[in-house]
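Peer 1: Return atomic coordinates for the entry below.
(chains A, B, C and D)
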Number of protein chains: 2
Amino acid sequence: MPVTRKKSRLPAAKHPSPIDLLPARRRAILIAAVGVLMEKGYARASTLEIATRARVSKRELYAEFGSKRGILEALIATSAADMQAPLAPAEIGDRHALAAALTAYGVAALTTLTNPYVLAMYRLAIAEAPADPELGEILDVKGRQPNRRALVEIVRRGQAAGFVGAGEPERLGQEFFGLLMGDLMVWLLLGVSEPPNAADIKTRAEHATQAVLALHPI
Amino acid sequence: MPVTRKKSRLPAAKHPSPIDLLPARRRAILIAAVGVLMEKGYARASTLEIATRARVSKRELYAEFGSKRGILEALIATSAADMQAPLAPAEIGDRHALAAALTAYGVAALTTLTNPYVLAMYRLAIAEAPADPELGEILDVKGRQPNRRALVEIVRRGQAAGFVGAGEPERLGQEFFGLLMGDLMVWLLLGVSEPPNAADIKTRAEHATQAVLALHPI
DNA sequence: CTGTTTCGGTACTATGGGGTACCTTATGAA
DNA sequence: TTCATAAGGTACCCCATAGTACCGAAACAG
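Peer 2: Predicted structure coming up:
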């Protein structure tokens, strides 16, 4: 029986995301895997269900990814790449530009990190952490570190331009991040809190910006 | 063959912890379960291994907890009870006492939340969150909420005594917590970072205290 | 049109483990 | 001492599912 391929229907990323650049079959499998893994978690997700939803045979799935873990790893790597440093720090011409850059960074970071799909990836990596620490490493190296460097770069430029007080830029970045997120992420991961909407995110980012600037006057 | 029961050897909690008050058999099973679950995660942990380590038959295990999930739930509930509000806020007679109370709270919170055993419980609850959101709920209701109330109470008393500026105490607490933790917990859960030692914890708590007080001058 | 090669689908194997039936042993009553 | 009852241990059932072998079909070359 001929099979009509269903168009993928993931929340279309704002801009071409790494997942869009993959070969069609690979992409179909990853998209199906996201759905199944988000619903069931890693252990309860079956490769058969992923293959079925992707309208692909298990054979093809294994030809493409080699193992169940291979799917997870590809997914996490893609997702980490997806959260690449949300914006290169703009030229910082005055104190307001610094605040704007920090707020924009905060909005981008919060938007990414509270996205249900990204949260699911974190959840999966955390669940597998005892058996497979490499997944966390991938999120760290490809996700957190570049992001953090971008933030630190904003702070550094702000300091160089004399719009924010001295101090280790890394520490400033950490403070900003803490003020931004609080314990939100943990409780999102636990499924206790609801993700913030765009207005909440903006408020949080502005508040964290004000606070960190107030903490480090010139 | 007669079996000699081995004395349990969990890191003896500073003070009688809820787990110490349980009937011996129940406790032995829970202690064994902690070990197995920390090493393997929920899905890979087998009830047989838990029973064996507890020197108990599967039959007894099931008589006691009914199901594998029952063990996890009991464990998470116990752990949440364990992290009960680390200290009742002392009388706050001067600004220094407020700072001390906040720092003490911070040290206690960080010590608890970076403890490998507690982290394992969070990890398990997060892993099961898609299938079983109730576990997160337990951590929230029995762990976070009482803790957060204690923190807010410290802030409130500090405000009442005029040693810290006005503002929603909840928001102040959230700021303090964010400054305290940053994204530490997520990366501990992912197995990427190492838990901070006592000195790190003290430094963090003092820094968060200074920062939050600086943010809200009288 | 026929041979060959590559790809895909299905049906299978092997394994691990949750939960329980059933038998054995201890306990206590008469 | 014997019988009744409760507790415990072992062995088993059964299911889910990761990964693969094998076969059939399509595509392409000659």
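
Peer 1: When you work out contacts or count neighbours from here on, use the C-alpha atoms and nothing else.
Peer 2: Fine.

Peer 1: Might you enumerate the residues of chain A proximal to chain B?
Peer 2: A:38-41, A:43, A:122-131, A:133, A:136-137, A:140, A:174-175, A:177-183, A:185-187, A:189-192, A:211, A:214-215 (CA under 8 Å from any CA of the partner chain).

Peer 1: Check the gap between A:Thr103 and B:Pro217 for me.
Peer 2: Distance from A:Thr103 to B:Pro217, counting by CA to CA, to the nearest Å: 24 Å.

Peer 1: next one: A:Leu30
Peer 2: A:Leu30 is 51 Å from B:Pro217, by CA to CA.

Peer 1: out of these two, which sits in the more crowded spot?
Peer 2: A:Leu30 (24 against 11; other CA atoms under 10 Å in any protein chain shown).

Peer 1: thinking the more buried one is in contact with A:Lys68, fair?
Peer 2: No. Contact criterion CA atoms under 8 Å: A:Leu30 and A:Lys68 do not qualify, at 11.3 Å.

Peer 1: Next to DNA strand C, which bits of chain A? Give me the list.
Peer 2: With CA under 7 Å from any atom of the strand as the criterion, chain A meets DNA strand C at residues A:Val56, A:Ser57, A:Lys58, A:Arg59, A:Glu60.

Peer 1: Now intersect those residues with the strands, please.
Peer 2: Among the residues of chain A next to DNA strand C, none falls in strands (DSSP state E).

Peer 1: Filter these to keep only those in contact with DNA strand D.
Peer 2: Near DNA strand D, by the rule CA under 7 Å from any atom of the strand, you find A:Lys58, A:Arg59 out of the residues of chain A next to DNA strand C.

Peer 1: Just the closest of the residues of chain A next to DNA strand C to A:His207, please.
Peer 2: Closest approach to A:His207 among these (CA to CA): A:Val56, at 47.6 Å.

Peer 1: Not counting its neighbours along the chain, what's nearest that closest one?
Peer 2: In this structure, A:Val56 finds its nearest non-sequential neighbour in A:Ile29, 7.6 Å apart by CA to CA, 6 or more residues apart in numbering or on different chains.

Peer 1: Could you count how many residues lie near that neighbour?
Peer 2: 23.

Peer 1: Distance check, it against A:Gly167.
Peer 2: 47 Å.

Peer 1: Tell me which residues touch A:Thr114, please.
Peer 2: By CA atoms under 8 Å, 6 or more residues apart in numbering or on different chains, the contact list for A:Thr114 reads A:Met185, A:Leu188, A:Pro195, A:Pro196.

Peer 1: before we move on, back to that, and the residues of chain A next to DNA strand C, which are buried?
Peer 2: A:Val56, A:Ser57, A:Lys58 (16 or more other CA atoms under 10 Å in any protein chain shown).

Peer 1: Tell me the confidence at the second one?
Peer 2: Model confidence at A:Ser57, given as pLDDT, is 90.

Peer 1: returning to that earlier point: from the contacts of A:Thr114, which land in helices?
Peer 2: A:Met185, A:Leu188 (DSSP state H).

Peer 1: With neighbour count and pLDDT added, can I get the contacts of A:Thr114 in JSON lines?
Peer 2: As requested, the contacts of A:Thr114 are arranged in JSON lines below (neighbours: other CA atoms under 10 Å in any protein chain shown; pLDDT from 0 to 100):
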{"residue": "A:Met185", "neighbour count": "20", "pLDDT": "96"}
{"residue": "A:Leu188", "neighbour count": "23", "pLDDT": "97"}
{"residue": "A:Pro195", "neighbour count": "20", "pLDDT": "96"}
{"residue": "A:Pro196", "neighbour count": "16", "pLDDT": "97"}
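
Peer 1: from the contacts of A:Thr114, which is closest to B:Ile92?
Peer 2: A:Met185 (32.0 Å).

Peer 1: so what's that closest one up against?
Peer 2: Going by CA under 8 Å, 6+ apart, A:Met185 touches A:Leu113, A:Thr114, B:Val186.

Peer 1: Counting neighbours, what do you get for the spatially closest residue to the last one that is not a sequence neighbour?
Peer 2: Which is B:Val186. Leaving aside its sequence neighbours, B:Val186 sits nearest to A:Val186 (CA to CA, 6+ apart; 6.8 Å). When counting by other CA under 10 Å, one arrives at 22 neighbours for A:Val186.

Peer 1: My guess is A:Val186 contacts B:Trp187. True?
Peer 2: No. With contacts counted by CA under 8 Å, A:Val186 stays clear of B:Trp187, the gap being 10.6 Å.

Peer 1: so where is chain A shaky, pLDDT-wise?
Peer 2: Low-confidence segments of chain A, defined by pLDDT under 70: A:1-22, A:85-90.

Peer 1: mind listing the helices for it?
Peer 2: A:24-44, A:47-53, A:58-65, A:68-82, A:95-113, A:116-128, A:134-139, A:145-160, A:169-181, A:184-189, A:198-215.

Peer 1: most neighbours per residue, which of these?
Peer 2: Neighbour counts (mean count of other CA atoms under 10 Å in any protein chain shown) averaged over each of those peak at helix A:116-128, with a mean of 25.

Peer 1: anything in that one near DNA strand D?
Peer 2: No. Judged by CA under 7 Å from any atom of the strand, helix A:116-128 makes no contact with DNA strand D; its nearest approach is 14.0 Å.
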